[in-house]
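> Need a 3D model of the following:
(one chain, ligands or ions: 1)
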Amino acid sequence: MSENTPKLRSALDGMPAYVPGKRDTAGGPVAYKLSSNENPYPPLPGVQEAVAGAAASLNRYPDMACAGLLAELAEHFAVPVEHLATGTGSVGVAQQLLQATAGPGDEVIYAWRSFEAYPIITQVSGATSVRVPLTAAEEHDLDAMAAAVTDRTRLIFVCNPNNPTGAAIPRPALERFLDKVPAGVLVVLDEAYREFVRDERVVDGLELYRDRPNVCVLRTFSKAYGLAGLRVGFAVAQAPVAAALRKTAVPFGVSQLAQDAAVASLRSEEALLERVESLVGERTRVVAALAEQGWPALDSQANFVWLRLGERTGDFAAACERAGVIVRPFAGEGARVTIGETAANDLFLQVAETFRKET
Ligand SMILES: Cc1ncc(COP(=O)(O)O)c(C=O)c1O
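Residues are numbered from 1 along each chain as shown. Okay, here's the model as predicted:
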């Protein structure tokens, strides 16, 4: 390092960049963006009005305590307000959790492949990532994750359902795992896609955290609620963890626009359920069509599907793009494809069928 440059933390060296889903095809036909697990529907009824109302006070700081949103969340999910904390998207809350628990010399465990922010925010914290490979069935290997715990482990991410594979963990397996994790290690149940789960064996983390002070549930308004652009997520955990999250929050991080939009979204429950149900219906249709085309059986409990394409991943993503569909390739591994509007899903299925026949 030159003496003329600021001394930056070596923890940042060689950090992988977060790869956002591509936004556009390179001059190709109609682009459907199925690369970021976004909601194809516009904001829920009442949201745009709430945002416009909040926009009138943009010269003011937002409510730092997010009191209105927290009160609404407490009622909606039947949890005490002291068990809640908000942040700039659930990835913001995850970063706050790391700041509260881990630093240099500590270890953070997560499955791999899983949500690509985990390695990045872990590295920023200075802690060491311990990646535990998924099983052949693309599921969390919870026995191996429990066995990976050492006296340096501070936090474990469990992504349920898992991004990008869509696999979800049944209740008995998750409870057995939680029973094995020492009380001093925080287990973060990342339930960004919870609203799309239809497998009744998959437990809602909110049923688990009450008896377990070392469990924290992460939820977001970015996916089912369709507010990805406003950056608001929240955690549910017992009071000491929720209080630590308030200490590590960026002051005024959640804008008033986001707070008011989230409240309006929670009040649009009926429309939310309708939209989620329709996306789940599209997921069922896409999964069945892929099986019909001869793709290996896959189940997804989220708003995306996963195709393990290995070395053909790049070719597949390019074929999709030529047809006007942007997917999220993970080089050498597979492609994650968001369930979008019907026309987008149809186009994706057409490309998948042709690709399957030709390769
Ligand atoms: C598993 C998982 N967790 C968290 C997030 C972050 O969502 P946000 O920060 O928008 O709430 C995502 C987004 O893709 C995700 O896939």
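> rest of the way, CA atoms for contacts and neighbours
OK.
> check contacts around residue 198.
residue 301 (Cα atoms under 8 Å, 6 or more residues apart in numbering).
> buried residues in stretch 100-120?
Going by neighbour count (16 or more other Cα atoms under 10 Å), the buried part of stretch 100-120 is 100-103, 106-120.
> Kindly report the same for stretch 116-135.
Under the neighbour-count criterion of 16+ other Cα under 10 Å, stretch 116-135 has 116-134 buried.
> re the thing from before, can you narrow the buried residues of stretch 100-120 to ones near the ligand?
Near the ligand, judged by Cα under 6 Å from any ligand atom, the entries from the buried residues of stretch 100-120 are residue 115.
> Show only the entries of the buried residues of stretch 100-120 found in helices.
100, 101, 117, 118, 119, 120 (DSSP state H).
> Tell me the one of those nearest residue 270?
Closest approach between these and residue 270, by Cα to Cα: residue 117, at 31.5 Å.
> Now the element after the longest helix anywhere in the chain, going C-ward?
For the chain, the helix with the greatest residue count under DSSP H is helix 269-292. Toward the C-terminus, helix 269-292 is succeeded by strand 304-307 as the next helix or strand (DSSP states H and E).
> So which residues on this protein come close to the ligand?
Within the chain, the positions near the ligand by Cα under 6 Å from any ligand atom are 89-91, 115, 159, 163, 190, 192, 220, 222, 228, 231, 233.
> let's go with 8 Å and repeat that
36-37, 88-93, 114-115, 117, 159-164, 190-193, 218-223, 228-229, 231-233 (Cα under 8 Å from any ligand atom).
> doesn't residue 168 make contact with residue 201?
No. Residue 201 is not in contact with residue 168 according to Cα atoms under 8 Å; the separation is 9.1 Å.
> Those two: which is more packed in?
residue 168 (26 against 13; other Cα atoms under 10 Å).
> who touches the more buried one in this structure?
Applying Cα under 8 Å, 6+ apart to residue 168 gives the contacts 139, 160, 161, 162, 202, 300, 301.
> The same query, at a cut-off of 10 Å, please.
Residues in contact with residue 168, defined by Cα atoms under 10 Å, 6 or more residues apart in numbering, are 138-140, 159-162, 174, 191, 194, 197, 199, 201-203, 299-302.
> Mind checking which of those are buried?
Buried among these by 16+ other Cα under 10 Å: 138-140, 159-162, 174, 191, 194, 197, 202-203, 299-302.
> Narrow the residues you listed to those in helices?
Counting by DSSP H, these place residue 174 in helices.
> Which ones among the buried ones among the contacts of residue 168 lie within strands?
residue 159 (DSSP state E).
> need the strands for the stretch 1-150 of the chain, in chain order.
Secondary structure of the stretch 1-150 of the chain (DSSP state E, counting those that start in this stretch): strands located at 32-33, 84-87, 107-112, 128-133.
> Can you lay out these as JSON lines showing mean pLDDT and distance to residue 259?
Listed next are the strands of the stretch 1-150 of the chain as JSON lines, based on pLDDT from 0 to 100; distance: least, Cα to Cα, whole Å:
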{"stretch": "strand 32-33", "mean pLDDT": "94", "distance to residue 259": "26"}
{"stretch": "strand 84-87", "mean pLDDT": "98", "distance to residue 259": "9"}
{"stretch": "strand 107-112", "mean pLDDT": "98", "distance to residue 259": "30"}
{"stretch": "strand 128-133", "mean pLDDT": "98", "distance to residue 259": "33"}
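> List the buried residues of the longest helix of the chain.
Neighbour-count burial for helix 269-292, counted by 16+ other Cα under 10 Å, picks out 272, 275-276, 279-280, 282-284, 286-290.
> what about residue 173, neighbour count?
Residue 173 has 16 neighbours, counted by other Cα under 10 Å.
> what's the nearest residue to it if we skip its chain neighbours?
Excluding its sequence neighbours, the residue lying closest to residue 173 (Cα to Cα, 6 or more residues apart in numbering) is residue 142, at 7.6 Å.
> what does residue 232 give?
residue 89 (4.0 Å).
> Next, count neighbours for the residue nearest to residue 173.
Residue 142: 22 surrounding residues under other Cα under 10 Å.
> Same question for residue 310.
13.
> That one touches residue 317, doesn't it?
No. Counting by Cα atoms under 10 Å, residue 310 sits too far from residue 317 to count as a contact (11.9 Å).
> what's the overlap in contacts for these two?
Both residue 310 and residue 317 are contacted by 330, 331, 334, 335, under the criterion Cα under 10 Å, 6+ apart.
> ok, the second one to the ligand distance?
Computed as Cα to the nearest ligand atom, to the nearest Å, the residue 331 to the ligand distance reads 18 Å.
> hang on, the earlier thing: for the shared contacts of residue 310 and residue 317, work out which two are farthest apart.
Greatest spatial distance among the shared contacts of residue 310 and residue 317 (Cα to Cα): 331 and 335, at 8.3 Å.
> who touches both of the two?
Common contact partners of residue 331 and residue 335 (Cα under 10 Å, 6+ apart): 309, 310, 312, 313, 314, 317.
> pLDDT below threshold where in the stretch 1-150 of the chain?
Within the stretch 1-150 of the chain, the set of residues satisfying pLDDT under 70 comprises 1-2, 24-29.
> Same question for the stretch 151-300 of the chain.
Of all residues in the stretch 151-300 of the chain, none has pLDDT under 70.
> OK, contacts around the spatially most central residue of the chain?
Among the residues of the chain, the one closest to the centroid is residue 192, at 4.2 Å (Cα atoms, centre = their mean). Residues in contact with residue 192 (Cα under 10 Å, 6+ apart) are 89-91, 159-163, 217-224, 233-234, 302.
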